[in-house]
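Trainee: Got a sequence here, can you model it:
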Amino acid sequence: MRLLSYADDCDSDEGESDLEGGRRRRSLTGRGAMLRYLSRKIHRYFKPDPSRLLGIFLLLGSILLLMVYLGENGGILLPYSRDPAMENHPFAGLTSLVMVAGHAVYTSRICAKANEESSWFLEPYQRNSGQAATFLEHIHRGVEAASRDNQSLLLFSGGETRKEAGPRSEAQSYWSVADANDWFGHSSSVRDRAVTEEYARDSFENLLFSICRFRELTGQYPQNITVVSYHFKQHRFVALHRSALKFPRERFAYLGTLPAISTAAAAARGELFVQEQFRKDPYGCIGQLREKRIKRDPFARLIPYPAGCPEIANLFTYCGSSVISRRLPWN
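Mentor: Below you'll find the predicted structure:
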């Protein structure tokens, strides 16, 4: 068997006979010969299996559609997938979470006046003597708790919840006040371990979002959690929110402070009402609790979670009157 060559497929210089007309036809040379050669090659390649030709046409069609899409949109959307190699965990190694729940936005240009009510944007029910001092105490207690555990991450939690206060978060307000007060004598040990969670709109989100934020920053979920808030909210956090998240009771601590004396009675009555709402709606996803979240998002912030904590993504979509049945990382 001899090998096919380009010369085998080309006409000779003498040309071919036209049997019907009795004339000789000039041979194809140059470009014409090359096209005829390629035509024969393609014919020989696809003749045994026409499906090859169909496959080529489909491939070319797909490429054409892709080019049109790219031309109109300037890019292509690909399915999102996490690349572990690209994850950045600046606080890897920390194991405990200290979360301070925010209650107001600081509006003064002078952070040294944090103990004055005029320095904060306050709702009508908060406009009482001694209210600002309670915020300052929460910040102080959180810093103290973090200073006692060098494996803890201090998280101030609270979003941009007040339209009149501008696009400033409760969390950043608390961080700035702590910084202005030199971290109450613990700047060298706590400041570099203090960060913010700036999307929470209620107490349940304070806890859930802070757990997710901890995962973003450390690469793992907290082994222990300490929450700092008012004493009258202890049952809400410990019995309701913690239970809804199925976090072990023995690894959950609560540091409660007293409210302003002038608001204590009204705060206690209001708390009973909120607790009843969360008993019926543990995840705050329907009714008045949901409406409150919408109201506390005046700047329509796009919540980034659970991108940083995919293992508990179901906690961000589940809505039910009973506790979620799925197993969670800390179980």
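Trainee: ok, the closest residue to Phe316 other than its chain neighbours - contacts?
Mentor: Nearest residue to Phe316, sequence neighbours excluded (Cβ to Cβ, 6 or more residues apart in numbering): Pro306, at 4.8 Å. Yep, even glycine has a C-beta here, placed from its N, CA and C like the rest. Going by Cβ atoms under 8 Å, 6 or more residues apart in numbering, Pro306 touches 212, 312-313, 315-316.
Trainee: Format those as JSON lines; extra columns: pLDDT.
Mentor: Below are the contacts of Pro306 laid out as JSON lines (pLDDT from 0 to 100):
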{"residue": "Cys212", "pLDDT": "98"}
{"residue": "Ile312", "pLDDT": "97"}
{"residue": "Ala313", "pLDDT": "97"}
{"residue": "Leu315", "pLDDT": "97"}
{"residue": "Phe316", "pLDDT": "97"}
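Trainee: Of those residues, just the buried ones, PyMOL syntax please.
Mentor: Buried members of these, defined by 16 or more other Cβ atoms under 10 Å, are picked up in PyMOL with:
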select buried, resi 212+312+315+316
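Trainee: any idea how far Ser325 is from Lys246?
Mentor: If you measure Ser325 against Lys246 using Cβ to Cβ, to the nearest Å, the figure is 9 Å.
Trainee: More neighbours: which of these two?
Mentor: Neighbour tally, Ser325 and Lys246, criterion other Cβ atoms under 10 Å: the higher count belongs to Lys246, 15 against 9.
Trainee: what's around the spatially closest residue to Gly287 that is not a sequence neighbour, how many residues?
Mentor: Counting by Cβ to Cβ, 6+ apart, Asp281 is the residue found nearest to Gly287 once chain neighbours are left out, at 6.1 Å. Neighbour count of Asp281, defined by other Cβ under 10 Å: 19.
Trainee: give me phi/psi at Asp281?
Mentor: phi -140, psi 80 (degrees, to the nearest 10).
Trainee: likewise Ala133?
Mentor: Dihedral angles for Ala133 - degrees, to the nearest 10 - are phi -60, psi -30.
Trainee: Where does the nearest residue to it once chain neighbours are set aside sit: helix, strand or coil?
Mentor: Spatial nearest neighbour of Ala133, chain neighbours left out: Asn115 (5.2 Å); criterion: Cβ to Cβ, 6+ apart. Secondary structure, DSSP: H, G, I helix; E, B strand; the rest coil: Asn115 is coil.
Trainee: Endpoints of stretch 305-319, how far apart?
Mentor: 16 Å (Cα to Cα, to the nearest Å).
Trainee: Show me how far whichever helix or strand Ile294 is part of is from its chain's centre.
Mentor: According to DSSP states H and E, Ile294 maps onto helix 287-295. Computed by Cα atoms, centre = their mean, to the nearest Å, the chain-centroid distance of helix 287-295 equals 21 Å.
Trainee: Could you number the chain from 21 rather than 1 from now on?
Mentor: Let's use 21 as the start, then, which means that last one is helix 307-315.
Trainee: Identify all contacting residues around it.
Mentor: By Cβ under 8 Å, 6+ apart, helix 307-315 touches 221-222, 225, 297-298, 300-301, 304.
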